[in-house]
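> Sequence and predicted structure below; questions after.
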Amino acid sequence: MLTLVPFILSLAGTLAATVGFLYLLRQSRKMRAEIAQYAVEIEVLHEKLKHGYDSIASKFAAAEVDRKQLTQDMANLFDRFDRVEMHAGICVPPKPAASGFNINKRVEVIRLFKEGFVEDEIAEQLAVPLGEVRLLTYLQKVQAGSPPNRPGRGAAGEFHAA
C-alpha cells in the first residue's frame, strides 16, 4: 500500500498539473481572442483617425484657398477705392476752408468802426488781431464808396490802411 500512495499522489499531481495547464491554455486562447478583438478595434480607430485627419487637411486647404481669394478681393477693393477717391476729388469741389474769424466779431468790428473807434481800440477791446481789424475797416471803406488810400505794410511789416 505504501507504493500505491505515492503513485496516487503523483497521479493526482499530474492530473492537477494537466488541469492547470488546460486552464492556462484556455485562458491563453481567451486572451488571444481579446487581443485580436482589441487589434481590430485599434485598426478601426486608426482608420477613423486617418479619415478625420484627411478631412481636416482638405478643409484647411480649402480655407487657405478662400483666404488667398479674400486677400486678392481686398486688394482689388482697395485699388477701386483709391480710384474712386481720386475721381471724387475731381468731380466734387473741395469744401471751402472754414473762416478762423467769428462772424459776430466781424459785425462787432464794423459797428465799432462806424461809431468812430480807432482800429487799435477795436482790436484791443474785442481781442482781435490788429491786421484783421485793419482789413475789415479797409473793406468797409471800399464798400461805402469812399476810396481809401491803398493799404500797405508799415515798418514792422504790419498791414495798415493808410
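Perfect, thanks for sending it.

> Look up how far residue 137 lies from residue 121.
12 Å (Cβ to Cβ, to the nearest Å). C-betas here are computed from N, CA, C, even on glycine.

> Which parts of the chain are helices?
Here the chain has its helices, by DSSP state H, at 4-91, 103-114, 119-126, 130-144.

> Redo the ones you listed as a markdown table? Include mean neighbour count.
Listed next are the helices of the chain as a markdown table, based on neighbours: other Cβ atoms under 10 Å:
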| stretch | mean neighbour count |
| --- | --- |
| helix 4-91 | 10 |
| helix 103-114 | 15 |
| helix 119-126 | 16 |
| helix 130-144 | 17 |
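
> Include mean pLDDT when you put these into TSV, please.
Shown next, in TSV, are the helices of the chain (pLDDT from 0 to 100):
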stretch	mean pLDDT
helix 4-91	90
helix 103-114	88
helix 119-126	91
helix 130-144	89
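
> Break the protein into its domains for me.
Using automatic domain parsing, the domain ranges for the chain come out as 19-94, 103-161.

> Of all those, which one is nearest residue 8?
domain 19-94 (15.9 Å; Cβ to Cβ).

> Isn't residue 105 up against residue 126?
Yes - at 5.8 Å, residue 105 counts as touching residue 126 under the criterion of Cβ atoms under 8 Å.

> Would you mind putting the domains of the chain into a markdown table with distance to residue 10 alongside?
Listed next are the domains of the chain as a markdown table, based on distance: least, Cβ to Cβ, whole Å:
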| stretch | distance to residue 10 |
| --- | --- |
| domain 19-94 | 15 |
| domain 103-161 | 131 |
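
> Give me the contact list for stretch 108-124.
Residues lying outside stretch 108-124 but in contact with it, judged by Cβ atoms under 8 Å, 6 or more residues apart in numbering, are 125, 126, 128, 129, 130, 132, 133, 134, 136, 137, 140, 160.
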